[in-house]
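Chemist: give me a 3D structure for the following:
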Amino acid sequence: MHEKTPYGESRRDDLVSQIHDQYHASLEFYTRGLCKRFGFDSEVDDILQIFYIKVMQKSEIVQQGLEKKGYPYLCQMIKNTCLDLDRKKKSLGRLKDDVGYQMPKVVSIDDLCTDIYTTSFLEDLRKYLSDSDSEIMVLYIQGFSYDEIGKKLTMSISTVGVRIHRAKKVLAKQLSR
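Modeler: Numbers count the residues shown, from 1 in each chain. You can find the predicted model right below:
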């Protein structure tokens, strides 16, 4: 088969087939355990589908990771997918509960792409907060913990907490108008 690039469609498809043939059963078992831990019991197939899409999109990087780290690399990819999904769930709750942003009445796991619901809110956020406070709140709303935000922005957890608390007060006043 003709390849356009070093990691063309043929190599990508071979990688996906290799992962599926060698690891799928154990990846599915691992994903079930993570889904129970995160409370996504019925979402195993969806998470595995997202995983395989990532493998296809980043086949060269996945191949390198698989060669260097083996099966644990694939497990980490699935764990990161679950963490992202968990953050998105937290994000919806934080928008509604913490800053009073009105969310749709019914949100299923299929609707957890919060971009639809947060785009206008995040634009408004920058009107009311400084750039650094906006950056902190965007990460917070995306579901990152205080510790994760502190590490990303190189600040202490307590500073993150204080800045989020103050930003919530500012936003509550502005959004209640």
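
Chemist: which element follows the helix or strand bottoming out on mean pLDDT in the chain toward the C-terminus?
Modeler: Across the helices and strands of the chain, mean pLDDT, DSSP states H and E gives its lowest value to helix 115-128, namely a mean of 68. Downstream of helix 115-128, the first helix or strand assigned by DSSP states H and E is helix 131-141.

Chemist: what about the most centrally placed residue in the chain, which SS state?
Modeler: Centroid-nearest residue in the chain, with C-alpha atoms, centre = their mean: Asp84, separated by 2.2 Å. With DSSP: H, G, I helix; E, B strand; the rest coil as the basis, Asp84 sits in helix.

Chemist: likewise Ser42?
Modeler: Strictly by three-state DSSP, Ser42 counts as coil.

Chemist: next one, pLDDT for it please.
Modeler: Ser42 carries a pLDDT score of 71 in this model.

Chemist: which residues sit in contact with it?
Modeler: Neighbouring residues of Ser42 by C-beta atoms under 8 Å, 6 or more residues apart in numbering: Cys35. (Glycine included, C-beta is placed from N, CA and C.)

Chemist: flag every buried residue along the longest helix belonging to the chain.
Modeler: Across the chain, the longest stretch assigned as helix under DSSP state H is helix 9-38. Buried residues in helix 9-38, counted by 16 or more other C-beta atoms under 10 Å: Arg11, Arg12, Leu15, Val16, Ile19, Tyr23, Leu27, Tyr30, Thr31, Leu34, Cys35, Phe38.

Chemist: show me the shaky parts of this protein.
Modeler: Confidence mapping of the chain against pLDDT under 70 gives the ranges 1-8, 41, 91-122, 175-177.

Chemist: still on that earlier bit, quick one: name whatever helix or strand follows the longest helix of the chain.
Modeler: Immediately after helix 9-38, counting by DSSP H and E, sits helix 44-57.

Chemist: that next one: how far from the chain's middle?
Modeler: Centroid separation for helix 44-57 versus its chain: 13 Å, with C-alpha atoms, centre = their mean, to the nearest Å.

Chemist: who's in contact with that helix?
Modeler: If you take C-beta under 8 Å, 6+ apart as the criterion, helix 44-57 is touched by 12, 15-16, 19-20, 27-28, 31-32, 34-35, 40, 62, 74, 77-78, 81-82, 85, 109.

Chemist: give me the domain ranges for this protein.
Modeler: 9-86, 114-175 (automatic domain parsing).

Chemist: how far does the last one sit from the chain's center?
Modeler: Right, the one you point to is domain 114-175. The chain centre lies 16 Å from the centre of domain 114-175; the measure is C-alpha atoms, centre = their mean.

Chemist: ditto for stretch 33-44
Modeler: Computed by C-alpha atoms, centre = their mean, the chain-centroid distance of stretch 33-44 equals 15 Å.
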